[in-house]
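Peer 1: can you look at this prediction? I've put the sequence above it.
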Amino acid sequence: MNVTIDDLPVRDELRGKSPYGAPQLDVPVRLNTNENPYPLPEPLVERIAERVRETARHLNRYPDRDAVELRTGLAAYLTKTGGHPVGVENVWAANGSNEVIQQLLQTFGGPGRTAIGFEPSYSMHGLIARGTGTGWISGPRGGDFTIDLPAAEKAIAEHRPDVVFVTTPNNPTGTAVPAETVLALYEAAQAARPSMVVVDEAYIEFSHGESLLPLIEGRPNLVVSRTMSKAFGAAGLRLGYLAAHPAVVDAVQLVRLPYHLSAVTQATALAALEHTDTLLKYVEQLKRERDRLVAELRALGYDVTESDANFVQFGTFADSHVVWQKILDRGVLVRDNGVPGWLRVTAGTPAENDAFLDAVRELVSYVG
Ligand code: PMP
């Protein structure tokens, strides 16, 4: 029997849609999903094995439902690096920041409610909105891909969304959003409804500027979301977290599945936190490589968007998909995010970046 999705009684809003689908191709140089190119250091691998072995002895039991030890460790990391003291009561963790965002939308969005993002931005915000029955509003961005504040304020006043996403540094464009802009959006969002403002800081460790974590002080409707997938080099771990007023942490617990964070995940994340200093040294190296990519691409004559992240948006091309394919033909996978004229490359190891630069050097003639 040849049955497809179309034959199933799926929700109307899912009909004809595609899942998130960054290609996972087996090519020599993969610079398409903003991962950290460095494998975890061996002493950390050993420590993970140790912690997981100990945890395995108790896998007959459910894990700590509230992940208190892990949240305490994450709070200590944020306090040390985020410019603002936070406690365990301010922090919540889930399986990747995608799940954090899903829990936020289940709590503050949902049927009859809406969320806004300023696009192009992280496509999963809109996809998770759809998955949680939240209406999605595509807000505007300026020609240079920064947030056009008057236009954004106008969109908030007009649509009165329940959730406002601000991604800083933004993905796929790379540029950080100044604190004043986020504060102005927060004020606009409070005047319109009031609504929750989610500041997605997945890439903040790579930024030239500071985290917006201190903004949670006195602003219970502001949430900062983070991940161990990028700076910590642990995308495979699936560990995201948020910092906010303790009331937000209480609220997301209304929708989280019981025992959502496995004991193995908690043990692994705790091991990674013990090695924060070593892991963050790679961040410095990746920032240097990111800056090198920006400089070399510009020297080749490409347009490059300012980057505070571990990736770089470059262009412009008459047909970016053709260029994407030509780079792939040279063994380098970059990302076509569907932003007309632009592509995105993740900063890899120096050798990977050299391979990428060699590939694009031959393509300058395609610049539109
Ligand atoms: N936010 C942004 C802006 C991202 O780019 C990503 C991953 N590409 C995520 C959140 C989700 O990351 P994870 O679920 O791995 O924490």
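Peer 2: Yes, it's here. Numbers count the residues shown, from 1 in each chain.
Peer 1: wait, residue 34 sits on residue 174?
Peer 2: No: taking contacts as Cβ atoms under 8 Å, residue 34 lies outside contact range of residue 174: 10.0 Å. C-beta: built from backbone N, CA, C; applies to glycine.
Peer 1: what do those two both touch?
Peer 2: 309, 311 (Cβ atoms under 8 Å, 6 or more residues apart in numbering).
Peer 1: those two - which one has more neighbours?
Peer 2: residue 174 (25 against 22; other Cβ atoms under 10 Å).
Peer 1: these two touch, right, the more buried one and residue 314?
Peer 2: No: applying Cβ under 8 Å as the test, residue 174 and residue 314 come out as separate, 9.8 Å apart.
Peer 1: and for the residue in the stretch 51-200 of the chain positioned nearest to the ligand, the neighbour number?
Peer 2: Nearest residue of the stretch 51-200 of the chain to the ligand: residue 96, at 2.7 Å (Cβ to the nearest ligand atom). Per other Cβ under 10 Å, the neighbour tally for residue 96 reads 20.
Peer 1: and it, what does it touch?
Peer 2: 227, 229, 238, 239, 240.
Peer 1: what parts of the protein come near the ligand?
Peer 2: With Cβ under 6 Å from any ligand atom as the criterion, the chain comes near the ligand at residues 34, 96-98, 122, 167, 171, 200, 202, 227, 229, 235, 240.
Peer 1: shared neighbours of residue 174 and residue 314, anything?
Peer 2: Joint contacts of residue 174 and residue 314 (Cβ under 8 Å, 6+ apart) are 305, 344.
Peer 1: just among the contacts of residue 96, which is most surrounded?
Peer 2: So for those (other Cβ under 10 Å), the most neighbours sit at residue 239, 29 neighbours.
Peer 1: wait, residue 151 sits on residue 158?
Peer 2: No: using Cβ under 8 Å, residue 151 is not in contact with residue 158; the gap is 10.5 Å.
Peer 1: in this protein, spot the helix with the most residues.
Peer 2: helix 276-299 (DSSP state H).
Peer 1: after it, next one along is what?
Peer 2: strand 303-304 (DSSP states H and E).
Peer 1: direction included, what does that following strand pair up with?
Peer 2: The pairing partners recorded for strand 303-304 under DSSP bridges are strand 311-315 (antiparallel).
Peer 1: tell me which helix or strand comes right after the partner strand.
Peer 2: Next helix or strand after strand 311-315 toward the C-terminus (DSSP H and E): helix 320-329.
Peer 1: in which helix or strand does the spatially most central residue of the chain reside?
Peer 2: Using Cα atoms, centre = their mean, the residue of the chain that lies closest to the mean C-alpha position is residue 202, 3.9 Å off. Using DSSP H and E, residue 202 sits within no helix or strand.
Peer 1: does it really touch residue 98, like I thought?
Peer 2: No: using Cβ under 8 Å, residue 202 makes no contact with residue 98, being 9.7 Å away.
Peer 1: where in the stretch 1-150 of the chain is pLDDT low?
Peer 2: Low-confidence segments of the stretch 1-150 of the chain (pLDDT under 70): none present.
Peer 1: where along it do the strands fall?
Peer 2: Ranges of strands in the stretch 1-150 of the chain, per DSSP state E, counting those that start in this stretch, are 29-30, 91-94, 114-118, 135-139.
Peer 1: okay, these in a markdown table with distance to residue 283 next?
Peer 2: Output for the strands of the stretch 1-150 of the chain, formatted as a markdown table (distance: least, Cβ to Cβ, whole Å):
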| stretch | distance to residue 283 |
| --- | --- |
| strand 29-30 | 19 |
| strand 91-94 | 20 |
| strand 114-118 | 26 |
| strand 135-139 | 30 |
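Peer 1: okay if I get those strands as CSV plus distance to residue 178 and mean neighbour count?
Peer 2: Formatted as CSV, those follow (distance: least, Cβ to Cβ, whole Å; neighbours: other Cβ atoms under 10 Å):
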stretch, distance to residue 178, mean neighbour count
strand 29-30, 32, 21
strand 91-94, 25, 26
strand 114-118, 14, 26
strand 135-139, 17, 19
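Peer 1: in contact with residue 52, which residues?
Peer 2: Residue 52 touches 264, 267, 268, 271, counting by Cβ under 8 Å, 6+ apart.
Peer 1: from residue 240, how far off is it?
Peer 2: To residue 240, residue 52 is 20 Å away according to Cβ to Cβ, to the nearest Å.
Peer 1: ok, back up a step: now, the most widely separated pair of the contacts of residue 52?
Peer 2: Pairwise distances across the contacts of residue 52 peak at 10.8 Å for 264 and 271 (criterion: Cβ to Cβ).
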